[in-house]
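Asks: sequence first, then the predicted structure, then my questions.
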Amino acid sequence: MTDFTADPDCPFCLIVAGTIGARTVYEDDHALSFLDLTAWQRGHTLVIPKRHTPNLLTGPSLLADIAPAIEATARLLVDRLGADGLNLVSSAGEAAGQTVHHLHVHLVPRYADRPGLAHLVEPQEVSAAELDAVHAQITGSR
């Protein structure tokens, strides 16, 4: 496992450590991408650094470290899911809506039948079966 600084109370650090399971879409030495359990759109994926930092404004600057994973994951989502576009969102601080205080970037595939920002954030609990189907489509696994 890659060496990383962790916060034992952070759910994303626990995912990196393998303590909590996730449907991994992409991984490299610095970052991990996995499907969001409360998806805004089909294929909504989070990209996180393996090292803990609270957000873009606090703690060590890790955005450059995860930039290659953001780009690789975005291309994978659009290519494999047939998305017509993609939104990239990161919130810094509670006032911005951040609920997990570990830097993360939302990659939200967008589809022509639900275009525009008005249809961006429509969170829905996603069933395990649907997450498994999307994961298989993205990763090519069964």
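Replies: Sure, I can see it.
Asks: spatially nearest residue to His102 (excluding sequence neighbours)?
Replies: Leaving out its chain neighbours, the residue that sits closest to His102 by CB to CB, 6 or more residues apart in numbering is Phe12, at 3.9 Å. C-beta here means a position set from N, CA and C on the backbone, and glycine is covered the same way.
Asks: in terms of helices and strands, where is that neighbour?
Replies: In this assignment (DSSP states H and E), Phe12 forms part of helix 11-17.
Asks: can you give me the buried ones in the helix or strand that comes right after that helix?
Replies: Going down the chain from helix 11-17, the next helix or strand is strand 24-27, by DSSP H and E. Of the residues in strand 24-27, 25-27 count as buried by neighbour count, 16 or more other CB atoms under 10 Å.
Asks: ok, strand 24-27: who's next to it in the sheet?
Replies: Its sheet considered, strand 24-27 pairs with strand 31-35 (antiparallel) by DSSP bridges.
Asks: could you give the mean pLDDT of the partner strand?
Replies: Taken as a whole, strand 31-35 has a mean pLDDT of 98.
Asks: same check on stretch 58-68?
Replies: Stretch 58-68 carries an average pLDDT of 92.
Asks: residues in contact with it?
Replies: With CB atoms under 8 Å, 6 or more residues apart in numbering as the test, stretch 58-68 has contacts from 28, 30-31, 47-49, 51-53, 56, 92-93, 103, 105.
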